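Asks: this is a predicted model, with the sequence first.
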Amino acid sequence: MPERPKRLRAALLTVTLAAAALAGCGHREGGAPQGPGAMPVTVVTLRAEPVTLVRELTGRTSAYLVAEVRPQVSGIVKARLFTEGASVRAGQALYQLDDATYRADYGVAKAAVARAEATLEAARLRARRTGELVKTGVVSAQDNDNAVAALRQAEADVEASRAALASAGVVLGYARITSPISGRIGKSAVTEGALVKAEQDAPLATVQQLDPVYVDVTQSSAELLQLKRELAAGTLEEHASLPVAIVLEDGSRYAQEGALEFSDVSVDPGTGSYLLRIKVPNPDRTLLPGMYVRALVGNGVRPQGLLVPQQGIARDPRGNATALVVGKDGKAEIRVVQATRTIGDKWLVDGGLVAGDRVIVEGLQKVQPGMPVAATEATATPAGAAGAPAAGAAASGAPAASTQK
């Protein structure tokens, strides 16, 4: 009998130790590891840097100058003096009209000038003689006055005939239709033998200057108001000289950068947007009028911007942006942040984080707020990658990556 209580006590001790061991194991699996058991994570230490805010806007190209060639006199087209689709220069002859009638009118006006000049010469001699004879009393003062008046009338007739000759010369010149600007000319609307009329509605041809070209884009007036609020608050610096990058229809980047020419002063009531016009060099005639393009327009520079990798920002059930950071005690803590824009592969944070915070970007699935972590700094972003600071973008002449709202 004495052996039975001993075996019973030994069995109870064994069960107690096993239960304690299981409880300790369960605590280690469900609780936070201590000391050497801290969860390894990768972090990015935030630093303030100038960030260019860029907005991607869509639009179409248009010619820098457009001139519709129309006749200023009526006539039959005698010859077309250009090649369709070729480059023409200002003043180059494009069409020659049958000018026989206008040449005849010019000859009549020229003869009228010669007749008026001959009459003037006779009147001048007559006035000179009467001026000498009136002193001796051979002719009366009335006759002298008549001679002087005839001289003045002859001078006026010469001026009038010369003006008529100049007018006839202008009309004759209009029979040779020239290009008003330099550029690329399109197809001809008429051929030799066609009758054209002065100031007709339909142009004979259209000349367009394609270097440079305009890119017309529209931006929401709500974005304009937000931009002005940020400028007034001092969180954004305006830089009107920021270059504008152009993205073509196939997604490729256009080699030349443009500059913002002007912004319209009125908002379209139908769309709630206003016009922005961008001037873009086009030496190779790559951009043609009417092409659909995208423009990366710089809205300004955030002098103390904070960029957080996108994998470091999550959303809670309410939709708020959150980030896990490593606190001063080495434990993970959650922050509610304000992140409304993406720049490349990063979020631009407007609040909730400060420079020097270490944001966890890897190992998030295994970390809960309050858990101790072992932080390792992530590899630095290579120079020139998306989201690079605006200072580097300005040095290379290219704006930062597209900013979305």
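Replies: Cool, the structure landed. Quantities reported herein were computed from a predicted structural model and do not represent experimental measurements. Residues are numbered from 1 along each chain as shown.
Asks: from here on, just use CA atoms for contacts and neighbour counts.
Replies: Noted.
Asks: once you drop chain neighbours, what's closest to Pro243?
Replies: In space, and not counting its chain neighbours, Pro243 is closest to Ala259: 5.4 Å by CA to CA, 6 or more residues apart in numbering.
Asks: typo on my end, Arg277
Replies: That would be Asp216: by CA to CA, 6+ apart, it lies 4.7 Å from Arg277.
Asks: average pLDDT for the helix or strand containing that neighbour?
Replies: Using DSSP states H and E, Asp216 maps to strand 205-220. What strand 205-220 shows for mean pLDDT is 91.
Asks: quick one, strands of the stretch 201-350 of the chain?
Replies: 205-220, 245-247, 259-263, 273-280, 292-309, 314-315, 321-326, 332-343, 346-351 (DSSP state E, counting those that start in this stretch).
Asks: can I get these in a markdown table with mean neighbour count?
Replies: Formatted as a markdown table, these follow (neighbours: other CA atoms under 10 Å):
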| stretch | mean neighbour count |
| --- | --- |
| strand 205-220 | 22 |
| strand 245-247 | 23 |
| strand 259-263 | 16 |
| strand 273-280 | 20 |
| strand 292-309 | 22 |
| strand 314-315 | 14 |
| strand 321-326 | 22 |
| strand 332-343 | 19 |
| strand 346-351 | 19 |
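Asks: now those strands in a markdown table, with distance to Lys187?
Replies: Supplementary listing: these in a markdown table, determined by distance: least, CA to CA, whole Å:
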| stretch | distance to Lys187 |
| --- | --- |
| strand 205-220 | 6 |
| strand 245-247 | 29 |
| strand 259-263 | 30 |
| strand 273-280 | 25 |
| strand 292-309 | 23 |
| strand 314-315 | 58 |
| strand 321-326 | 58 |
| strand 332-343 | 45 |
| strand 346-351 | 50 |
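Asks: which one of those lies nearest to Thr61?
Replies: strand 205-220 (4.4 Å; CA to CA).
Asks: how about exporting that closest one as PDB, limited to the C-alpha atoms?
Replies: Written as PDB, here are the backbone C-alpha positions of strand 205-220 (Å, rounded to 0.1, in the frame of the first residue of the first chain):
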ATOM      1  CA  ALA A 205      -4.600  75.300 -99.900                       C
ATOM      2  CA  THR A 206      -3.500  75.300 -96.200                       C
ATOM      3  CA  VAL A 207       0.000  76.000 -95.000                       C
ATOM      4  CA  GLN A 208       0.900  74.900 -91.400                       C
ATOM      5  CA  GLN A 209       4.100  75.700 -89.500                       C
ATOM      6  CA  LEU A 210       5.000  72.500 -87.600                       C
ATOM      7  CA  ASP A 211       8.100  73.500 -85.800                       C
ATOM      8  CA  PRO A 212       7.400  74.100 -83.000                       C
ATOM      9  CA  VAL A 213       3.900  72.700 -82.400                       C
ATOM     10  CA  TYR A 214       1.300  73.300 -79.700                       C
ATOM     11  CA  VAL A 215      -0.100  70.600 -77.400                       C
ATOM     12  CA  ASP A 216      -3.500  71.600 -75.900                       C
ATOM     13  CA  VAL A 217      -4.500  69.800 -72.700                       C
ATOM     14  CA  THR A 218      -7.200  70.300 -70.200                       C
ATOM     15  CA  GLN A 219      -7.000  70.200 -66.400                       C
ATOM     16  CA  SER A 220      -9.800  70.100 -63.800                       C
END
